[in-house]
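Asks: sequence-free structure coming up:
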Ligand SMILES: O=c1[nH]c(=O)n([C@H]2C[C@H](O)[C@@H](COP(=O)(O)O)O2)cc1CO
Ligand SMILES: [Zn+2]
């Protein structure tokens with residue numbers, strides 16, 4: 001009988017855990033999103049979180065959700081976690097990869113996911129399921145053959161001293 005540990009984390013816990021940890025880098029005060037892209041044989045290829053483009057200061061650009069002037073809201077500036085993870089990958093093709101993300105992708109990220117060849121999306125929250133954007137994402141994923149399913153939370157708590 002092997003004496004291996006039994007309480008090791010599963011692949012799904014590992015990759016969603018990495019996605020959630022990446023989200024902890026986000027400066028967005030309302031929604032922190034993290035993403036982890038994984039090859040078909042379970043190698044981590046890339047990670048990302050929602051933030052401003054390179055060179056745009058987190059302290060100078062707005063983090064507001066609302067405002068009379070859209071230029072004073074975060075929406076026109078932030079790069080979504082999924083797009084960041086796709087753009088951060090410098091290793092060539094993402095064909096056949098899986099994408100773990102803490103929030104269901106918006107329609108713009110869905111387009112990038114489809115066009116980069118990612119074939120499976122595992123998401124945690126779907127808090128914007130009722131929006132046009134997320135409905136459009138699901139329609140496009142269905143047509144493009146991108147499978148998507150919700151991550152099953154296990155309730156396991158992982159404590160890391162940093
Ligand atoms: O797929 C996504 N990925 C992603 O990174 N985001 C980011 C953009 C914003 O910084 C934040 C959403 O902000 P809010 O929940 O306050 O509307 O999450 C938002 C979505 C929308 O589903
Ligand atoms: Zn998006």
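Replies: Noted; the coordinates are in hand. If you're wondering where the values come from, they're calculated on a predicted model, not measured in any experiment. Ligands and ions are numbered 1, 2, ... in the order given.

Asks: ok, what's across the strand from residue 149?
Replies: Note on residue 149: beta-bridge partners by DSSP bridges are residue 122.

Asks: correct me, but it touches residue 122?
Replies: Yes. With contacts counted by C-beta atoms under 8 Å, residue 149 reaches residue 122, the gap being 6.3 Å. In short, each C-beta sits where N, CA and C put it, glycine included.

Asks: more neighbours, these two?
Replies: Neighbour count, other C-beta atoms under 10 Å: between residue 149 and residue 122, residue 122 has more, with 20 against 9.

Asks: The more buried one: what's it in contact with?
Replies: 12, 15-16, 98-101, 148-151 (C-beta atoms under 8 Å, 6 or more residues apart in numbering).

Asks: rerun that using 7 Å as the cut-off
Replies: 12, 16, 98, 100, 149, 151 (C-beta atoms under 7 Å, 6 or more residues apart in numbering).

Asks: which of those count as buried?
Replies: Buried subset of those (neighbour count, 16 or more other C-beta atoms under 10 Å): 16, 98, 100, 151.
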